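>>> No letters, just coordinates:
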């Protein structure tokens, strides 16, 4: 091995010399150590990212000069996609009321931005008679709206959900530019194909499912429902109602209702909750967001380079205050929090089929989709919840007791896991509540808690606890190797390493097991058979599970002097 490069006199550094000698002695330095200069500038992609981040920071600073608190945080979220500064109470109120979609830049925001730019540019061009009479200003307006939507995509961070929204908006605007009908089922299908071609995994993402389900319902409303909802113009009563805004109010109500109903199955499946008063919240807040908040934000962006933006941020703050007030009011209504227990993928597929039949068919046969949707709802609500939940690391176990609630055994502070378990069980309790451990007995060796039928479930933390737990409990969970002669059913280190987190549903004396890595499941990062062991989808008792018997003598057996 060549010797290390000599150190110049007067520049000896003991720690540096020892470090280099250690590397050389370990065999990792294969030659003289040289100093490499760092790159002076990053690549084009890094410079672009730094520029966009600087632009977002500049916009946030301009907004901060006029607004503060949640008003500033929501205004920044609507324009730049940064939602980290919104306080928890306001964030919860927005999602409980059904206005949470406003905080995530999606199809609605893209439609508002493109729509405002489209109509503003077209109105300005129409003021010039020569352009309005001799040129296709509608197509020019669509091109301007497309550029604005693309800039909004880049400014907001180009998240996956925003990309899908941009593709859908772009297809609509391009259809206008090539003289095609903009709002059709074909447009929706083309947008879906583009999204899936770019990111096939988006199919299982909640934002994809919810956005396309809502859009399908709205397109069906425009193409099928609108001709039948309103009377002909020769009806004077209908004409008078329409003149006073009745048509717009009715359309807003129907759009909110249909979009909310179309997205309900997916919200219930992914987030385990629904918004019973979502239509009410959207009716109260969305007109203000569409007519004031978003247009004021766009005008603020245009006026910011000239220093004339403060008045637009102030107007934006007024609309945001109204939106927050509506969300708080709706979230405080009795029954506003609609919790739904977890259900399988089959009811969701059935619900999707029902929505597709309702939206796509033109004949009366489409109403069969409502029957399919109703059956899917009943199927999902009747799903049985697991009796035992076991975390992938074996440090947390939830056992359903006689009261029907989960009783938690945990040896760490994984609050996120507990929140997910409670949400999936439609349990309103907070993850930090001490009552979650009611009925759980613990010592330094482990914990035990009873099932609904009185049998014990034990979490063994030490090897010396396994002998006692195997003789007393029906199920033993441990991260240690279980003894082969254990009489209880066992979930040990080997099974957890093979199948990760488990959900156990009682069937007879045993359990049906649902695992994160079920046997035979093949994924690119974990092919079938790679470390899955011989575990199947059930747990059966090795022998009659022992029960803890009450040794207290009966009253008839007691003597008078006992």
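Everything's here; your move. No experiment lies behind these values; they were computed from the predicted model shown.
>>> Which phi and psi values does residue 124 adopt?
phi -70, psi -40 (degrees, to the nearest 10).
>>> Could you check how far it is from residue 117?
Distance, residue 124 to residue 117, by Cβ to Cβ, to the nearest Å: 11 Å. Every residue, glycine included, has its C-beta placed from N, CA and C.
>>> between those two, who's got more neighbours?
The neighbour comparison of residue 124 against residue 117 (other Cβ atoms under 10 Å) goes to residue 117, with 21 against 13.
>>> got the buried residues for the helix or strand that contains the more buried one?
When elements are assigned from DSSP states H and E, residue 117 belongs to helix 107-126. Within helix 107-126, the residues scored as buried using 16 or more other Cβ atoms under 10 Å are 107-118, 120-122, 125.
>>> For it, enumerate the helices and strands it packs against.
helix 129-134, helix 137-155, helix 160-177, helix 206-220, helix 294-303 (3 or more Cβ pairs under 8 Å, 6 or more residues apart in numbering; DSSP states H and E).
>>> Tabulate those (CSV), appending mean neighbour count, mean pLDDT and distance to residue 260.
CSV is the format used below for those (neighbours: other Cβ atoms under 10 Å; pLDDT from 0 to 100; distance: least, Cβ to Cβ, whole Å):
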stretch, mean neighbour count, mean pLDDT, distance to residue 260
helix 129-134, 10, 84, 39
helix 137-155, 19, 92, 25
helix 160-177, 21, 85, 18
helix 206-220, 22, 86, 8
helix 294-303, 20, 92, 20
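>>> And those helices: which comes nearest residue 394?
Residue 394 lies closest, by Cβ to Cβ, to one member of these: helix 206-220, at 29.0 Å.
>>> Give me the helices and strands touching that closest one, please.
Using 3+ Cβ pairs under 8 Å, 6+ apart: helix 206-220 touches helix 107-126, helix 160-177, helix 185-198, helix 246-271, helix 345-360.
>>> repeat that for 7 Å
Using 3 or more Cβ pairs under 7 Å, 6 or more residues apart in numbering; DSSP states H and E, the elements in contact with helix 206-220 are helix 160-177, helix 185-198, helix 246-271, helix 345-360.
>>> Can I get those helices in CSV including distance to residue 451?
What follows is the helices and strands packed on helix 206-220, written out as CSV (distance: least, Cβ to Cβ, whole Å):
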stretch, distance to residue 451
helix 160-177, 41
helix 185-198, 44
helix 246-271, 27
helix 345-360, 27
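>>> List just the one of those that sits closest to residue 337.
Among the helices and strands packed on helix 206-220, the nearest to residue 337 by Cβ to Cβ is helix 246-271 (11.8 Å).
>>> Poorly predicted segments of the protein, please.
Confidence mapping of the chain against pLDDT under 70 gives the ranges 1-31, 38-42, 225-248, 519-536, 543-562.
>>> So which residues of it form strands?
Ranges of strands within the chain are 273-274, 338-339, 388-390, 396-400, 406-410, 441-443, 446-450, 456-460, 475-478, 489-491, 502-507, 510-515, 538-539, based on DSSP state E.
>>> Of the ones you listed, which is nearest residue 372?
Closest among the strands of the chain, using Cβ to Cβ: strand 273-274, at 18.9 Å.
>>> so how far is the closest one from its chain's centroid?
Here strand 273-274 is found 12 Å from its chain centre; the criterion is Cα atoms, centre = their mean, to the nearest Å.
>>> which residues are contacting that strand?
Defining contact as Cβ atoms under 7 Å, 6 or more residues apart in numbering, one finds that strand 273-274 is touched by 264, 267-268, 337-340.
>>> go with 10 Å
Applying Cβ atoms under 10 Å, 6 or more residues apart in numbering, the external contacts of strand 273-274 come out as 95-96, 98, 260, 263-265, 267-268, 337-340, 423, 426.
>>> List the buried residues in stretch 53-69.
Buried, per 16+ other Cβ under 10 Å, within stretch 53-69: 56, 59-60, 62-63, 66-67.
>>> In helices only, show me these.
56, 59-60, 62-63 (DSSP state H).
>>> ok so, going back, do you know which of the strands of the chain lies nearest residue 352?
Per Cβ to Cβ, nearest to residue 352 of the strands of the chain: strand 273-274, 16.4 Å.
>>> which neighbours does the closest one have in its sheet, and in what orientation?
The pairing partners recorded for strand 273-274 under DSSP bridges are strand 338-339 (antiparallel).
>>> So what would you say the end-to-end distance of stretch 437-444 is?
Distance across stretch 437-444, first residue to last, is 16 Å (Cα to Cα, to the nearest Å).
>>> Now do the buried residues in it.
By 16+ other Cβ under 10 Å, the buried positions in stretch 437-444 come out as 439-440.
>>> Repeat that for stretch 463-477.
Neighbour-count burial for stretch 463-477 flags 465-466, 469-470, 472-477 (criterion: 16+ other Cβ under 10 Å).
>>> end to end, how far does it reach?
Counting by Cα to Cα, you get 12 Å between the two ends of stretch 463-477.
>>> Next: stretch 62-70.
Distance between the two ends of stretch 62-70: 15 Å, counting by Cα to Cα.
>>> repeat for stretch 334-352
End-to-end for stretch 334-352, by Cα to Cα: 30 Å.
>>> How about stretch 330-337?
End to end - Cα to Cα - stretch 330-337 spans 10 Å.
>>> which other residues reach it?
By Cβ under 10 Å, 6+ apart, stretch 330-337 touches 89-90, 92-99, 273-282, 284-285, 329, 428.
>>> pretty sure residue 500 is touching residue 514, no?
No. Taking contacts as Cβ atoms under 10 Å, residue 500 lies outside contact range of residue 514: 11.2 Å.
>>> Among the buried residues of helix 107-126, which one sits closest to residue 539?
For the buried residues of helix 107-126, the nearest to residue 539 is residue 107 (45.3 Å; Cβ to Cβ).
>>> For the closest one, which non-adjacent residue is closest in space?
Counting by Cβ to Cβ, 6 or more residues apart in numbering, residue 107 lies nearest to residue 165, which is 4.3 Å off, once chain neighbours are set aside.
>>> likewise residue 199?
In this structure, residue 199 finds its nearest non-sequential neighbour in residue 160, 6.3 Å apart by Cβ to Cβ, 6+ apart.
>>> Then residue 206?
Nearest one to residue 206, counting by Cβ to Cβ, 6+ apart, is residue 270 at 4.1 Å.
>>> Return the member of the contacts of strand 273-274 nearest to residue 518.
Nearest to residue 518 among these is residue 423, at 22.6 Å by Cβ to Cβ.
>>> Which phi and psi values does the closest residue to the closest one other than its chain neighbours adopt?
Leaving aside its chain neighbours, residue 423 sits nearest to residue 272 (4.6 Å; criterion: Cβ to Cβ, 6+ apart). Per-residue torsions, residue 272: phi 60, psi 40 (degrees, to the nearest 10).
>>> same check, this time on the one 5 residues further on
Summarising the backbone geometry of residue 277 under the convention degrees, to the nearest 10, its torsions are phi -110, psi 30.
>>> From what I see, it and residue 257 are in contact.
No. With contact defined as Cβ under 10 Å, residue 277 does not reach residue 257; the gap is 11.8 Å.
>>> more neighbours, those two?
Ranked by neighbour count (other Cβ under 10 Å), residue 277 and residue 257 place residue 277 first, with 21 against 16.
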